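A.B. asks: Build me a structure from this.
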Amino acid sequence: MSVQSILLSALAFNQYANQNETSIIWIVGLFILAIILVAVFLRFVPLGLWVTSLAAGVHVSIGSLIGMRLRRIQPKRLVDPLIKARKAGINVTLSKLETHFLAGGNVDRVINALIAAQRSNIEMPFEKASAIDLAGRDVLQAVQMSVTPKVIETPIVAAIAKDGIELRAKARVTVRTNIERLVGGAGEETIIARVGEGIVTTVGSSETHKQVLENPDLISQTVLNKGLDAGTAYEILSIDIADVDVGRNVGAQLQMDQAEADRRIAQARAEERRAMAVAHEQEMKASVQEMRARVVEAEAEVPKALAAALREGRLGVMDYYQMQNVAADTSMREGIAKASIPTSSTTPDDTRK
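C.D. replies: Here you go, the predicted model:
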């Protein structure tokens, strides 16, 4: 073999190797591209969920699944409830479920409620169930309460009979959901408030607390006859008085408080009269002092009048001396009278000592 033939063979082999390398690169690139396309396809097309729906006998198109993906809805949250509803014999479409889901409702809970209502022979269309769910109420619990009534226990209600004795009563109210009034109807708080009002009214209209203690069912009968479930989402089946206790004697306490208030009013009036008497006494003392001042003032005018009479000649000297004698005689008699009064101030106890 010549050198020229060897060079030709080497060149041919090199060209073949280059062609194979290019082919391998293309194959690898196509394989990677296929993997990416499959991943993107599976990302937007839940193929497994589509196969599951077909196996369950529920036709869900690939376009619907892709549309839910584009609307950022997890198809599983709608397809699974749809399969559950179709298996239960409930005629509901995927469009209705999607509309309820986009409105913020709980699709799975609504489907469970529809299945429970169907099994319990309760008529409930999908529109009503979705409206109850969107209203913020637990539609599944409402259906369950329609089948199995619920017992609501009221807090202790204090009421006062006509004899002034306080009674503390606690009631248990058995209610059942009224599906027709569930949207727009009042809740448990209204039931509890109305029952408490009925207890207060019944006890307050009793002549004595003994009547209520002897017949506690009087409360439940009176309250039940008032139709307290009107306008509520529940139907009251029975009202049972669980406990009745005797509380304070409010009537006696009120009388004691009234007596204490009357005493304080009388004391205030007496204090007012005493203050007025003290003020009047002080006024009298001031008046006496004023009268004494006037007497002293009048007595001070006597020497001036005597001097004027002597000066004008209307009073003689002998008349003046005679008047002085009369005054001296009067002073002597007063001194004798004072001397005759015993000055001993000892008591019998002091004498015995």
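
A.B. asks: what about stretch 71-78, average pLDDT?
C.D. replies: Averaged across stretch 71-78, pLDDT comes to 81.

A.B. asks: again but with stretch 236-254, I slipped
C.D. replies: Across stretch 236-254, pLDDT averages out at 79.

A.B. asks: got the CA coordinates for that stretch in PDB?
C.D. replies: Output in PDB follows, covering the C-alpha atoms of stretch 236-254 (Å, rounded to 0.1, in the frame of the first residue of the first chain):
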ATOM      1  CA  ILE A 236     -87.300  25.000  67.100                       C
ATOM      2  CA  LEU A 237     -88.400  21.400  68.000                       C
ATOM      3  CA  SER A 238     -88.400  21.600  71.800                       C
ATOM      4  CA  ILE A 239     -87.300  23.800  74.700                       C
ATOM      5  CA  ASP A 240     -86.300  22.000  77.900                       C
ATOM      6  CA  ILE A 241     -85.500  23.700  81.200                       C
ATOM      7  CA  ALA A 242     -82.300  22.000  82.300                       C
ATOM      8  CA  ASP A 243     -81.900  23.800  85.700                       C
ATOM      9  CA  VAL A 244     -83.700  26.300  87.900                       C
ATOM     10  CA  ASP A 245     -82.100  27.800  91.000                       C
ATOM     11  CA  VAL A 246     -83.300  30.300  93.500                       C
ATOM     12  CA  GLY A 247     -81.200  33.400  93.700                       C
ATOM     13  CA  ARG A 248     -81.500  36.600  95.800                       C
ATOM     14  CA  ASN A 249     -84.500  38.100  97.400                       C
ATOM     15  CA  VAL A 250     -84.500  41.100  95.300                       C
ATOM     16  CA  GLY A 251     -87.800  42.400  96.700                       C
ATOM     17  CA  ALA A 252     -86.400  42.500 100.300                       C
ATOM     18  CA  GLN A 253     -83.200  44.000  99.100                       C
ATOM     19  CA  LEU A 254     -85.100  46.800  97.300                       C
END
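
A.B. asks: Per-residue pLDDT of the closest residue to Leu310 other than its chain neighbours, please?
C.D. replies: Nearest non-adjacent residue to Leu310, counting by C-beta to C-beta, 6 or more residues apart in numbering: Tyr320, 6.7 Å away. Using the backbone N, CA and C atoms, a C-beta is placed for each residue, glycine as well. Here, the pLDDT recorded for Tyr320 equals 73.

A.B. asks: Tyr320 and Arg311: what is the separation?
C.D. replies: 12 Å (C-beta to C-beta, to the nearest Å).

A.B. asks: Compare neighbour counts for those two and give me the winner.
C.D. replies: Set side by side, Tyr320 and Arg311 show more neighbours around Tyr320, with 13 against 9, by other C-beta atoms under 10 Å.

A.B. asks: related to what we said a few turns ago, which element is the residue nearest to Leu310 on?
C.D. replies: In this structure, Tyr320 sits in helix 317-339 according to DSSP states H and E.

A.B. asks: which helices and strands does that helix pack with?
C.D. replies: The contact analysis (3 or more C-beta pairs under 8 Å, 6 or more residues apart in numbering; DSSP states H and E) places helix 317-339 against helix 250-312.

A.B. asks: Show me what the helix it packs on is packed up against.
C.D. replies: In terms of contacts (3+ C-beta pairs under 8 Å, 6+ apart), helix 250-312 is packed against strand 165-177, helix 317-339.

A.B. asks: Could you identify the helix or strand that succeeds the first one?
C.D. replies: Yep, that's strand 165-177 we're talking about. Remark: after strand 165-177, the chain's next helix or strand is helix 188-204, criterion DSSP H and E.

A.B. asks: Which segments of this structure make up each domain?
C.D. replies: What automatic domain parsing lists as the domains of the chain is 76-147, 150-252.

A.B. asks: In JSON lines, list these along with distance to Gln267 and mean neighbour count.
C.D. replies: Listed next are the domains of the chain as JSON lines, based on distance: least, C-beta to C-beta, whole Å; neighbours: other C-beta atoms under 10 Å:
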{"stretch": "domain 76-147", "distance to Gln267": "61", "mean neighbour count": "18"}
{"stretch": "domain 150-252", "distance to Gln267": "22", "mean neighbour count": "17"}
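
A.B. asks: And the helices and strands packed on helix 250-312, which one averages the lowest pLDDT?
C.D. replies: Of all those, helix 317-339 has the smallest average pLDDT, which comes to a mean of 80.

A.B. asks: can you pull the buried residues of stretch 51-68?
C.D. replies: 52-53, 56, 58, 60, 64-65, 68 (16 or more other C-beta atoms under 10 Å).

A.B. asks: first to last residue in that stretch, what's the distance?
C.D. replies: Terminal residues of stretch 51-68 lie 16 Å apart, using C-alpha to C-alpha, to the nearest Å.

A.B. asks: Other residues contacting that stretch?
C.D. replies: For stretch 51-68, the external contacting residues (C-beta atoms under 8 Å, 6 or more residues apart in numbering) are 44-46, 49-50, 74-75, 78-79, 82-83, 86-87, 94, 98.

A.B. asks: what's the answer for stretch 233-244, then?
C.D. replies: 137, 142, 145, 149, 153, 167-178, 181-182, 185-188, 191, 195, 212-213, 216-217, 219-220, 223-224, 228-229.
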